[in-house]
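[1] Return a 3D structure for these sequence lines:
(chains A and B)
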Amino acid sequence: GNSVTQMEGPVTLSEEAFLTINCTYTATGYPSLFWYVQYPGEGLQLLLKATKADDKGSNKGFEATYRKETTSFHLEKGSVQVSDSAVYFCALSPQGGAGSYQLTFGKGTKLSVIP
Amino acid sequence: DTAVSQTPKYLVTQMGNDKSIKCEQNLGHDTMYWYKQDSKKFLKIMFSYNNKELIINETVPNRFSPKSPDKAHLNLHINSLELGDSAVYFCASSQMRGRETQYFGPGTRLLVL
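    Numbers count the residues shown, from 1 in each chain, chains lettered A, B, ... in the order given. Model prediction:
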């Protein structure tokens, strides 16, 4: 079956530090890949996505590149801010078929950024 | 305007009670979902409806019954609540085309005492 594995948290960084949150997946074919962010007390918001190999998703200074050869979609940001403190979820949507609308999530990585 | 809304935001109740959570979306989407997020933040899909028809029904106790009166609404009714049902329940919606973004509601925090 499909699965998503992301690095265990929590991750604590100082403001302006570089962020990487690793995400790898297991799925057949070419799934779509997503990063969602959940701020404290809120629902999930789409941060970025990529739908085919070598695509780069980007938003709010965050980037992730769809790497088919390593089945990875690592999230990066060059300089984090206190306002980036949240839980980050990597997710996939399978390629085609009856389950193509079903998101499979990783377990989430909590990021805390300190001033 | 709120895209995906849920009511109530908080729900505290006793074991054995029956409760409902309502979800509405104004995005014109044809597919809606219910997810459960446990205390460790793990998210798992429970149900999905497309055009009022059930298309995903994961392994969920039959005490949970979704109902979709129309494409814009998906409600979740829970019978005989148990302590283990305490969680945050999220509603989401998207277009059926599969790779479209899912938009999430703010969540309903259920606490069963």
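[2] Tell me the confidence at A:Pro40?
    For A:Pro40, the pLDDT comes out at 88.
[3] and the residue lying closest to it once chain neighbours are set aside, what are its bridge partners?
    The shortest distance from A:Pro40 to any non-neighbouring residue, by CB to CB, 6 or more residues apart in numbering or on different chains, is to A:Ala86 (7.2 Å). (Glycine included, C-beta is placed from N, CA and C.) On the basis of DSSP bridges, A:Ala86 is bridged to A:Leu111.
[4] do A:Val11 as well
    Here A:Val11, judged by DSSP bridges, has bridge partners A:Leu111.
[5] any idea how far it is from A:Val82?
    The gap separating A:Val11 from A:Val82 is 14 Å, by CB to CB, to the nearest Å.
[6] Go ahead and confirm A:Thr20 touches A:Ser72.
    No. With contact defined as CB atoms under 8 Å, A:Thr20 and A:Ser72 do not form a contacting pair (11.1 Å).
[7] Between these two, point out the one with more neighbours.
    When A:Thr20 and A:Ser72 are compared for neighbours, A:Ser72 comes out ahead with 17 against 10, by other CB atoms under 10 Å in any protein chain shown.
[8] Double-check the more buried one against A:Thr26; I have them as touching.
    No. Between A:Ser72 and A:Thr26 there is no contact under CB under 8 Å: 11.2 Å.
[9] Just confirm yes or no for the helix or strand of chain B with the lowest mean pLDDT near chain A.
    Least confident element among the helices and strands of chain B, by mean pLDDT, DSSP states H and E: strand B:53-57 (a mean of 78). Yes. Against chain A, strand B:53-57 shows contacts by CB under 8 Å from any CB of the partner chain at B:Ile55, B:Ile56.
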